[in-house]
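> coordinates only, sequence not included:
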């Protein structure tokens with residue numbers, strides 16, 4: 001039950017960051033710090049796996065802008081797709097890390113502790 005609530009909160013916070021970014025992008029409210037808000041919010045929510053995924057996606061976006069001249073950052077539609085792509089690059093590794101990998105590690109540690117306890121009791 002606790003894990004389900006944490007999962008809902010985590011996914012909800014990630015969606016709020018994406019929604020806030022997409023609704024304020026390209027508006028007069030966007031003072032140029034929107035990318036900092038997005039980046040640091042997603043780094044905090046998905047650290048450490050999302051940190052690596054985010055850097056990888058930002059590298060892919062930078063190479064895309066460098067290689068393909070029509071892939072301009074000023075194109076609003078492509079910029080929205082870029083925000084979504086980068087969001088997924090933080091979200092997917094963070095989700096995997098917190099809700100797949102960590103429960104697996106905890107189960108393994110718990111099983112190892114239980115086996116060690118049984119071994120001590122039997123001797």
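Arrived safely, thanks for sending. From a predicted model like this one, the values you see are computed outputs, not experimental measurements. Residues are numbered from 1 along each chain as shown.
> Mind giving me the packing neighbours of the longest helix anywhere in the chain?
When the chain is parsed with DSSP state H, its longest helix is helix 2-24. Packing contacts for helix 2-24, counted by 3 or more CB pairs under 8 Å, 6 or more residues apart in numbering; DSSP states H and E, involve helix 34-46, helix 76-96. All C-beta spots, glycine's among them, are computed from the backbone N, C-alpha and C.
> and the lowest-mean-pLDDT helix or strand in the chain, which residues are buried?
For the chain, the helix or strand with the lowest mean confidence is helix 49-67, at a mean of 84 (criterion: mean pLDDT, DSSP states H and E). Buried residues in helix 49-67, counting neighbours by 16 or more other CB atoms under 10 Å, are found at 49, 50, 51, 53, 54, 57, 58, 61.
> can you list those in a markdown table and add distance to residue 102?
Output for the buried residues of helix 49-67, formatted as a markdown table (distance: CB to CB, whole Å):
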| residue | distance to residue 102 |
| --- | --- |
| 49 | 10 |
| 50 | 13 |
| 51 | 16 |
| 53 | 16 |
| 54 | 19 |
| 57 | 22 |
| 58 | 25 |
| 61 | 28 |
